[in-house]
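J.: have a look; sequence and predicted model below, questions after that.
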There are 2 protein chains.
Amino acid sequence: MRLPPRIAVALGLLAAQPVLGAEPAGKFPPTAADILAAAPATAWRPIPAENLLRMELADGRAVIIELTPVFAPQHVANIRSLVRQKWFDGNAIVRVRDNYVAQWGGARDDRAVPADVPTQIPAEYERPLKGVPFTPLPFPDSYAPRTGFSDTWPVGADANNIWLTHCYGAVAVGRSNAPDTGSGIELYAIIGHAQRHMDRNLAVVGRVVEGMDVLSALPRGPAPQGNYEKANFIPIAKTQGFSASDAAAPRFEVLRTDTPTFTQYVNARANRLDAFYAKPAAGIDVCNVQVPIQRRK
Amino acid sequence: MRLPPRIAVALGLLAAQPVLGAEPAGKFPPTAADILAAAPATAWRPIPAENLLRMELADGRAVIIELTPVFAPQHVANIRSLVRQKWFDGNAIVRVRDNYVAQWGGARDDRAVPADVPTQIPAEYERPLKGVPFTPLPFPDSYAPRTGFSDTWPVGADANNIWLTHCYGAVAVGRSNAPDTGSGIELYAIIGHAQRHMDRNLAVVGRVVEGMDVLSALPRGPAPQGNYEKANFIPIAKTQGFSASDAAAPRFEVLRTDTPTFTQYVNARANRLDAFYAKPAAGIDVCNVQVPIQRRK
């Protein structure tokens, strides 16, 4: 069993605590669900309303995305500007490729990109690690020297830089071949296995916090790249941003990734041992940790 | 750049060869698509018709699964028996949980499990590595000491044992809490990010070779575990096996994982460098290699 010492110790400590689930106390360590149920309010933090983006399809179903101005400030500024100028309203989802991405924004042939939205912007694919919050995961990774979380976001890192990862539900900016062509007029979400080879090659700008299945259960496009025929585009009714003072803004909270609760949560998911799981994996990849996000109570 | 020496060398060798795509010769190494296009016929092998299972939904759409009697012989024997006795005909998909699984076979309350299908069978979760084909991947993994491929199947391995991985499209056997309760009457497929913590805890018995989107694009169930209300079960019309001599059997081939072509394919996917990708990942996880499977020409 490849059990890193740090985790083995944590498991031992946890096993001595009372179990919070339905199993006999002491038989199994707390599960991830137990740990969330017992988490103090301070283990969570609100998601700023001004970072939320609501996209409503013509059929009324909605996807809510959290943008991250910290990692991709200029891309996010572009997207905010595009939303204000209704670039996505009446636009469409144009591509859904199985085990890959759902992509939208590319159905706008009735108008040009707004003049105040730069179509050439820096490739914000990674940033210096120095001074950035980083909770490393103690497990090896197939793509990056290190992985972990930066203020709730899954990241890869090397000695100098840190970058967002293309995990399930990540929202990123489509582009042409040149790295500086990702203006934000087309966005995509990962709907299958993580596409980590895209890390540092495309700009991740956010994550879906609600309504993921609105994207993941869409019909796959018939072309090799998953493109829809124009007649089958999925129409977007509107996109909407919020302000911090907006009483109607949806309220979400995310589990902080710099607390003992989060360490316990990761340990429990990396070492499942309960009435069902008999063989703990003793590891977990950064995209399968799945930082909990929920509507605020 | 974390470029393992072996890969760096391979990249160098490949870069000196003529490029097969549309890019100027010599500018980029061959892509994975280039390598497949140039692969000799001997780089592929047929999938035995007797290992194929065709599941047709009531709406006429079909999923074709390859079973692996090598890794889970008793589970596969049970499934073959259940198919012959029409266990799945008139049954249903009962659960679709986002970023997790689609599950079927649990809607059979009109008859008992056939008497010749053992409901208690050994937990075929791993097998001794000795004597088993194994092409290791040269990249670290978050779950297993080693990963790689065993005669085209993605696997994890330690010093003694080898096991199938819960990658996207993997088909496995649902069970109750006890490890020996996975009789095959309920099956599931992974429809999101790999669920590698299930490795060695549940029996992988196959993989979807065609029609994956028939499962992955199904509506997600409303309950926390993704269960459908009975009224919303997705009915299965029938399941069908084939014999080697069956002229009507679908014909598939899979890229062999023990050839120079496969090594080149993995290297190209681990080190994407073309007109679009500027920063090769220098790594890939076992579930994102995606061993090519295609209809036979």
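T.: Thanks, I have it. Residues are numbered from 1 along each chain as shown, chains lettered A, B, ... in the order given.

J.: can you give me the helices for the stretch 151-297 of chain A?
T.: Remark: helices assigned in the stretch 151-297 of chain A by DSSP state H, counting those that start in this stretch are A:212-216, A:260-270.

J.: scratch that, the stretch 1-150 of chain A
T.: Assigned helices in the stretch 1-150 of chain A, in chain order: A:5-15, A:32-37, A:73-84 (criterion: DSSP H, counting those that start in this stretch).

J.: compare those helices and say which comes out lowest on pLDDT.
T.: Looking over these, mean pLDDT reaches its minimum on helix A:5-15, with a mean of 31.

J.: now do A:Leu62, the pLDDT please.
T.: In this structure residue A:62 is Ala, not Leu. So A:Ala62 comes in at 98 (pLDDT).

J.: any stretches of the stretch 51-200 of chain A with poor pLDDT?
T.: Scanning the stretch 51-200 of chain A for pLDDT under 70 picks out no residues.

J.: what bridges to the residue nearest the centre of chain A?
T.: In chain A, the C-alpha nearest the mean C-alpha coordinate belongs to A:Arg207, at 3.4 Å (CA atoms, centre = their mean). When bridges are called by DSSP bridges, A:Arg207 pairs up with A:Glu66, A:Ala170.

J.: from what I see, A:Arg95 and A:Ala107 are in contact.
T.: No - applying CB atoms under 8 Å, one finds A:Arg95 not in contact with A:Ala107, separated by 10.2 Å. All C-beta atoms are positioned from the backbone trio N, CA, C, and that covers glycine.

J.: more neighbours, those two?
T.: A:Arg95 (24 against 19; other CB atoms under 10 Å in any protein chain shown).

J.: excluding chain neighbours, what is closest to the more buried one?
T.: Using CB to CB, 6 or more residues apart in numbering or on different chains and skipping residues adjacent in sequence, the residue nearest A:Arg95 is A:Gln103, 4.1 Å away.

J.: what bridges to the one you found?
T.: Beta-bridge partners, per DSSP bridges, of A:Gln103: A:Arg95, A:Tyr188.

J.: run a quick neighbour tally on A:Ala38.
T.: Using other CB under 10 Å, A:Ala38 has 14 neighbouring residues.

J.: try the one 4 residues further on
T.: The number of residues packed near A:Thr42 is 9, by other CB under 10 Å.

J.: look up how far A:Leu255 lies from it.
T.: The gap separating A:Thr42 from A:Leu255 is 11 Å, by CB to CB, to the nearest Å.

J.: A:Gly148 now?
T.: Distance of A:Gly148 to A:Leu255, given as CB to CB: 14 Å.

J.: who has more neighbours out of those two?
T.: A:Gly148 (24 against 21).

J.: looking at it, the more buried one is touching A:Pro133, isn't it?
T.: No - using CB under 8 Å, A:Gly148 is not in contact with A:Pro133; the gap is 9.6 Å.

J.: just give the closest residue to A:Ala268, not the sequence neighbours.
T.: Leaving aside its chain neighbours, A:Ala268 sits nearest to A:Ala32 (4.3 Å; criterion: CB to CB, 6+ apart).

J.: the one you found: neighbouring residues, count only.
T.: By other CB under 10 Å, the residues close to A:Ala32 number 19.

J.: so stretch A:196-205, near chain B or not?
T.: Yes - Stretch A:196-205 reaches chain B (CB under 8 Å from any CB of the partner chain) through A:196-197, A:199-201.

J.: which residues touch A:Gly169?
T.: A:189-190, A:207-208, A:212, B:99 (CB atoms under 8 Å, 6 or more residues apart in numbering or on different chains).

J.: what's the nearest residue to it once chain neighbours are set aside in contact with, if anything?
T.: In this structure, A:Gly169 finds its nearest non-sequential neighbour in A:Val208, 4.4 Å apart by CB to CB, 6+ apart. By CB under 8 Å, 6+ apart, the residues touching A:Val208 are A:63-65, A:169, A:171, A:189, A:215.

J.: ChimeraX command for the buried members of these?
T.: In ChimeraX, this line selects whichever of those come out buried by 16 or more other CB atoms under 10 Å in any protein chain shown:
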select /A:63,64,65,169,171,189,215
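
J.: so what's the backbone phi/psi at the residue nearest to A:Glu124 when sequence neighbours are not counted?
T.: Leaving aside its sequence neighbours, A:Glu124 sits nearest to A:Ala72 (CB to CB, 6+ apart; 4.3 Å). In terms of degrees, to the nearest 10, the main-chain angles of A:Ala72 are phi -140, psi 60.

J.: check A:Pro29 too.
T.: Listed backbone geometry of A:Pro29 is phi -70, psi 160, with angles given as degrees, to the nearest 10.

J.: mind checking how far it is from chain B?
T.: As for A:Pro29, its distance to chain B is 15 Å (criterion: CB to the nearest CB, to the nearest Å).

J.: close enough to count as contact, that residue and A:Leu273?
T.: Yes - contact criterion CB under 8 Å: A:Pro29 and A:Leu273 qualify, at 6.1 Å.

J.: tell me which of these two has more neighbours.
T.: Neighbours per residue (other CB under 10 Å) separate A:Pro29 from A:Leu273, with A:Pro29 holding more: 25 against 17.

J.: state the pLDDT value of that one.
T.: At A:Pro29, pLDDT is 96.

J.: how far away is it from A:Arg272?
T.: Per CB to CB, A:Pro29 is found 9 Å from A:Arg272.

J.: what's the answer for A:Asn99, then?
T.: Distance from A:Asn99 to A:Arg272, by CB to CB: 24 Å.

J.: and for A:Ala281?
T.: Taking CB to CB, one finds A:Ala281 at 7 Å from A:Arg272.

J.: list residues touching both of the two?
T.: B:His197.

J.: out of those two, which sits in the busier spot?
T.: Taking other CB under 10 Å, A:Ala281 and A:Arg272 do not tie; A:Ala281 has more neighbours (26 against 21).

J.: I'd guessed the more buried one sits against B:His166; true?
T.: No - assessed by CB under 8 Å, A:Ala281 is found out of contact with B:His166, at 10.4 Å.

J.: quickly list what's touching both of those two.
T.: Here A:Ala281 and B:His166 have B:196, B:199 as joint contacts, going by CB under 8 Å, 6+ apart.
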